[in-house]
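Student: can you look at this prediction? I've put the sequence above it.
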Amino acid sequence: MEEKLKYSILFIEDEKDIRDNYTRYLKRHFSRVYEAEDGEDGYKIYKEKKPEIIILDINLPKLNGLELLKKIRLTDQTTKVIMLTAYSDTKYLLDAAELKLVKYLVKPITRNDLKSALEMAVQEFSNFDIVSKKVINLKDGLRWDSEESRLYRDGLEILFTKKEILIIALLFSSPNKIFTYEDIIMEVWGDYEIDNLSPLKTIIKNIRKKLPKDTVINVFGVGYKF
């Protein structure tokens, strides 16, 4: 990896010395490197920056690495993930394997270990061509820019509220996939529990007013999809 790679990478590690050391190393090889010290902060940065590769420790404060990755995998199957851990327990290995890891590295790790795992992640992009598209073109002149979280129709931006954009971004993350009411509520309201679906239905109704007919489909009793 002599030249800087175009991929963005997020490193989540609560031990500052390790994080600082490897962040410096990553910045020499990748064009955009982000860092976080706990699971909650890591998830916020993931949602904002949409990195293509994530390196995370399994034993993070606030939200551990497995739970964080489970949240990510609800809507994202393409981001490459390398997990670091002090555990070699079979249970952790099995749990992690179900979450589509590139590599599971047991601490202490060397730079060669990490370099090899990163090369595997980059190779997967080349071999399987599953890098998430930055721009998605749809019928009726619609164009979704995932990097900017903006939707255009015939070149003109359609304006949405913050909650509307969160829902649109979720649905666009996997077109044709049905997202359950619970998936969408968790994305927009987090852990806040709403008593009924009325707030969600109101937002969906407002989104539909701004889009061509049948862009957002309701799967009765389940959820919505694009």
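Tutor: All right, it came through fine. Residues are numbered from 1 along each chain as shown.
Student: correct me if wrong: Asp113 contacts Val106.
Tutor: No - with contact defined as CB atoms under 8 Å, Asp113 does not reach Val106; the gap is 9.1 Å. For the C-beta atoms, the positions are set from N, CA and C on the backbone; glycine is no exception.
Student: would you mind giving the secondary structure of Asp140?
Tutor: Three-state call for Asp140 (DSSP: H, G, I helix; E, B strand; the rest coil): coil.
Student: outline the domain layout of the protein.
Tutor: Following automatic domain parsing, one gets these domains for the chain: 5-128, 135-225.
Student: looking at the ones you listed, which is buried most?
Tutor: domain 5-128 (a mean of 17; mean count of other CB atoms under 10 Å).
Student: show me how far that one is from its chain's centre.
Tutor: On the basis of CA atoms, centre = their mean, to the nearest Å, domain 5-128 sits 12 Å off its chain's mean C-alpha point.
Student: and the strands in the chain?
Tutor: Ranges of strands in the chain, per DSSP state E, are 5-12, 30-36, 53-57, 80-85, 103-106, 135-137, 142-145, 150-153, 156-158, 179-180, 217-219, 223-225.
Student: need the CA coordinates for stretch 196-206. CSV is fine.
Tutor: Provided in CSV are the C-alpha atoms of stretch 196-206 (Å, rounded to 0.1, in the frame of the first residue of the first chain):
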residue,chain,number,x,y,z
ASN,A,196,-48.3,4.2,18.0
LEU,A,197,-47.3,4.5,14.3
SER,A,198,-49.0,7.8,13.7
PRO,A,199,-45.8,10.0,13.9
LEU,A,200,-44.1,7.7,11.4
LYS,A,201,-47.1,7.5,9.1
THR,A,202,-47.4,11.3,9.1
ILE,A,203,-43.7,11.7,8.0
ILE,A,204,-44.1,9.0,5.3
LYS,A,205,-47.2,10.9,4.0
ASN,A,206,-45.2,14.1,3.8
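Student: how about JSON lines for the strands of the chain, with distance to Lys210 and mean pLDDT added?
Tutor: Output for the strands of the chain, formatted as JSON lines (distance: least, CB to CB, whole Å; pLDDT from 0 to 100):
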{"stretch": "strand 5-12", "distance to Lys210": "30", "mean pLDDT": "88"}
{"stretch": "strand 30-36", "distance to Lys210": "32", "mean pLDDT": "90"}
{"stretch": "strand 53-57", "distance to Lys210": "33", "mean pLDDT": "92"}
{"stretch": "strand 80-85", "distance to Lys210": "34", "mean pLDDT": "88"}
{"stretch": "strand 103-106", "distance to Lys210": "43", "mean pLDDT": "83"}
{"stretch": "strand 135-137", "distance to Lys210": "17", "mean pLDDT": "70"}
{"stretch": "strand 142-145", "distance to Lys210": "11", "mean pLDDT": "82"}
{"stretch": "strand 150-153", "distance to Lys210": "9", "mean pLDDT": "86"}
{"stretch": "strand 156-158", "distance to Lys210": "5", "mean pLDDT": "87"}
{"stretch": "strand 179-180", "distance to Lys210": "19", "mean pLDDT": "88"}
{"stretch": "strand 217-219", "distance to Lys210": "16", "mean pLDDT": "87"}
{"stretch": "strand 223-225", "distance to Lys210": "15", "mean pLDDT": "87"}
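Student: for Arg73, find the nearest of the ones you listed.
Tutor: strand 80-85 (8.8 Å; CB to CB).
Student: the closest one pairs with which strands, parallel or anti?
Tutor: Partners of strand 80-85 in the sheet, by DSSP bridges, are strand 53-57 (parallel), strand 103-106 (parallel).
Student: distance check, Lys103 against Leu56.
Tutor: Here Lys103 is placed at a distance of 12 Å from Leu56 (CB to CB, to the nearest Å).
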